[in-house]
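In: Take this sequence and fold it.
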Amino acid sequence: MSPETVSSPRYVRHGSNAGQPLTRRDGVLKVTGRATYAADNHPEGMLYAVMAGSRIARGRVVSLNVAAAKAHRGVVEVLTPENRPPLAHDPDQKMPPFGFRVEVLQDDTVRYVNQPVAMVIAETLEAATEGATLLDPQYDVEEARTGLESGERFQAEAVGVGAPPRTAYGDIEAGLAQAARVTEVDYVTPAQYHNAMETHAVVAEWDGDHVTLDMPNQAMALSAASYAAYFGIPVENVLIRSPFLGGGFGSKAILNGPQLLAIIAARMLRRPVKLALARTQMFGPVGHRGGTWQKLRIGTDGEGRLTALHHHALAETSTFDEFIEPSASVSLTLYASPAILVEHEGLRLNVGTPGPMRAPGAASGSVALEAAMDEAAEANGMDPLEFRLANYAETEPGTGRPFSSKALRECYAEGAKRFGWSGRPLEPRRMRDENGFLVGWGMGTAFFHCPHFPAEARATLRADGTALVETGGADMGQGAWTALAQIGAEALGLDPEQVEIHSGLSSLPDGGVAGGSAHTASAGLALHNAGEDAIGKLSELATADPASPLFGAGNIGVVARGGRLYRLDDETRGESYAEILTRAGRREVVGTAKAARDPAVTEAYAMFSHGAVFAEVKVDPDLGQVRVSRLVGAFAAGRIINPRLVRSQYYGGMIWGISFALHEEAITDKRTGRIMNADLAGYHVPVNADVPSVEAILIPEEDAHVNPLGVKGVGEIAITGTVGAIANAVWHATGVRVRRFPIHIEDLLVG
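Out: As a prediction, the model looks like this:
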């Protein structure tokens, strides 16, 4: 046989551990304390930096006692607007695609509490902390803009990351005019702040014009390019090391002023510098979810079908930049209506600039939409699930695009069955438990879009039968090391135990952004393609080698399985990867690949993960105290790479939903603009006692369009249905509609 086409032999993969509930690769390192986070690094000669943050929300710094701070034992330098070295890129100019204006001591203007006004660098953390106190800033104070009454409303040019602020389909006023009923309601959601266990930190070390940055980072390649621009150096001179993140939630994909100042200080002093923000400093300079004021008008006909859906959102942002929470946009995708109008406005306040935070827009917007849909169902005398099914969108509302896949009906059916929804009385205050507590059942639809970030990867097959897969991704607790290794192993026809993964370095192939619930799909597809490239090259070696049993099989094709290649037409003929490489005198074969979504597919299909969350609450009739006693969520998110990790993500999302509905809010002093609960004692999040029972059901779904792996995102979707489900359950238990979140006891003590 002559190998006519050995350049690209066909092969297929049989057998895989992708889809198996493997335990986390990083689990032992984390529970034994051997995982190295950014602030665990301590290079020789390292200095400590402490940010001095503003104590006022608006005004200017009149004076800083720099002399007192520098006289303190151990203090090496104080960085202020007077001596901060210039940057190659203007920090007041945004840097796309995720760039924000950053506060790095441009001048003495103060625009929010905790804005950096100076940075003290010292030999010890204690000396730096004391030096920051000795600065004793004095201010010329102006009246702070802290809320709806004092803020400046404006028409936003874009919402989220570049989305249009207004989208309309059909005639909204005509749809409302012809409706048999119109439900008009207002909802308020609070400002929420990223509070990952690991605060923002950086250890910066310069070597000439090269810099190494140990920092938690969700977008290493983008960040390296941004730091290179700020310092006027080639991007290859920036090395970001981020093997472990103690949570991110979106904030660690964005550059911020304190970290940039620490890097400036390290360059200025020619010594390594470490900065780790205090917990209180997480409230201001590193992003948050902006508060919203939302109004919905829902028109329905005599059979409970939508005739119009109008969703208007006003969202807070800073006085010097724009990030508008795209809350109203949720109403474009979920329910069928001949007329839909979504609108956004901005409200300028003296706060730090908001940014992407766990399900940006979808979390806050779905709160209002799902509660409003419940109110519309009540107005029509319909069961909430029946009402949603009556308005089920078979294609994307407005555009008419088909969904790449949509198993939401199955989510409704399985979730309702497991929860016992059919036993729910229609009217509120009809159920009590054995202790006399009011019991309520509510539901909400969950959804999240399926973005895809360009990514790159490398896969190396070794002569010893093992492999190395590499991509510059980020594991912030979602299990990326494990799931990506499973994808790489599948592509290479190996068991995951035979595959080593390297990640967490900006010098590796760009793994894309670990955000938007897109990391597994983005970096995973790149690894899949790199693995195929490596196997393809290995197949070329074998099919072109007369000594190989695969010689001449280029046209026929080969199958990769268990570390061996077999002929497709005769699987008794094959050999191991090690044999192929050894005979070829090769120690390894390397495959590389990029992955990006075809724009034509994006135009042709609407791509979302879907789900349904059912909640049971118990409310003390005398005290108004609310407990979520049960949550059942059913979710369809395409192909599942690791169900153990996916369930963990769903649990986390539903628990965040409990937090949003009942606990989490930043409380601002309206006089000063200070956040009064800027710590984990006053900024409440759920604890184990608040989460007695959470169940996540994985609904099978195949998607041939979203990407070749069929993988969708799971990280953020479970927040989106949960908050509305809990709010609706509270109404069902008490008969009281609460439209301001989180729900407080006093909201229920009425009448």
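
In: where do the strands sit along the stretch 151-300 of the chain?
Out: With strands called from DSSP state E, counting those that start in this stretch, the stretch 151-300 of the chain shows them at 152-154, 166-169, 181-189, 201-207, 210-214, 238-241, 273-276, 292-300.

In: Would you mind giving the ones you listed as a markdown table with mean neighbour count added?
Out: C-beta here means a position set from N, CA and C on the backbone, and glycine is covered the same way. Listed next are the strands of the stretch 151-300 of the chain as a markdown table, based on neighbours: other CB atoms under 10 Å:
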| stretch | mean neighbour count |
| --- | --- |
| strand 152-154 | 11 |
| strand 166-169 | 16 |
| strand 181-189 | 18 |
| strand 201-207 | 22 |
| strand 210-214 | 21 |
| strand 238-241 | 22 |
| strand 273-276 | 26 |
| strand 292-300 | 24 |
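
In: Minimum distance to Ala595: which of those has it?
Out: Minimum separation from Ala595 across the strands of the stretch 151-300 of the chain (CB to CB) falls at strand 238-241, 21.0 Å.

In: Run through the stretch 601-750 of the chain and note the low-pLDDT ranges.
Out: Scanning the stretch 601-750 of the chain for pLDDT under 70 picks out the ranges 750.

In: picking up where we left off before, closest one to Gly563 among the strands of the stretch 151-300 of the chain?
Out: Nearest of these (CB to CB): strand 238-241, 31.7 Å.

In: Who are the packing partners of the closest one?
Out: Applying 3 or more CB pairs under 8 Å, 6 or more residues apart in numbering; DSSP states H and E, one finds that strand 238-241 contacts strand 210-214, helix 220-231.

In: for the residue lying closest to Asp374 once chain neighbours are set aside, what are its contacts?
Out: Of all residues not flanking Asp374 in the chain, Asn728 sits nearest, at 4.3 Å (CB to CB, 6 or more residues apart in numbering). For Asn728, the contact set (CB atoms under 8 Å, 6 or more residues apart in numbering) comprises Glu370, Ala371, Asp374, Pro384, Gly440, Gly442, Met443, Gly444, Ala615.

In: Where does Asn728 fall, secondary structure wise?
Out: Element membership of Asn728 [criterion: DSSP states H and E] is helix 717-734.

In: Give me the domain ranges for the chain.
Out: Domain ranges of the chain: 11-35+459-594, 401-452+597-751, per automatic domain parsing.

In: want to throw those domains into TSV with distance to Leu334?
Out: As requested, those are exported to TSV (distance: least, CB to CB, whole Å):
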stretch	distance to Leu334
domain 11-35+459-594	17
domain 401-452+597-751	6
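
In: Ala57: which of the ones you listed is closest?
Out: When the domains of the chain are compared by CB to CB, domain 401-452+597-751 sits nearest Ala57, at 2.6 Å.

In: sorry, back to before: now for the contacts of Asn728: which two are most distant?
Out: Taking CB to CB as the measure, the contacts of Asn728 have their most distant pair in Glu370 and Gly440, spaced 14.8 Å apart.

In: Show me which residues of the helix or strand hosting Leu538 are buried.
Out: Using DSSP H and E, the element containing Leu538 is helix 519-543. Buried residues in helix 519-543, counted by 16 or more other CB atoms under 10 Å: 519-543.

In: Would you mark the buried spots in stretch 126-136?
Out: Neighbour counts using 16+ other CB under 10 Å place Ala127, Ala128, Thr129, Glu130, Gly131, Ala132, Leu134, Leu135 of stretch 126-136 among the buried residues.

In: oh sorry, the question was meant for stretch 666-679
Out: Applying 16+ other CB under 10 Å to stretch 666-679 flags Ala666, Thr668, Thr672, Gly673, Arg674, Ile675, Ala678 as buried.

In: who touches that stretch?
Out: Here stretch 666-679 makes contact (CB under 8 Å, 6+ apart) with 55-58, 112-114, 144-147, 190-193, 279-280, 282-284, 288, 350-351, 682-684.

In: got the CA coordinates for that stretch in CSV?
Out: This file holds the C-alpha atoms of stretch 666-679, laid out as CSV (Å, rounded to 0.1, in the frame of the first residue of the first chain):
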residue,chain,number,x,y,z
ALA,A,666,-24.2,47.8,50.8
ILE,A,667,-25.7,50.3,53.2
THR,A,668,-24.5,53.9,52.4
ASP,A,669,-24.6,56.8,54.8
LYS,A,670,-26.5,59.3,52.7
ARG,A,671,-24.7,62.2,54.4
THR,A,672,-21.1,61.1,53.8
GLY,A,673,-21.2,58.5,51.1
ARG,A,674,-19.5,56.0,53.3
ILE,A,675,-20.5,52.3,53.1
MET,A,676,-21.5,51.5,56.7
ASN,A,677,-21.1,47.7,56.5
ALA,A,678,-17.8,47.5,54.6
ASP,A,679,-16.8,44.2,56.2
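
In: Fine by me, thanks again.
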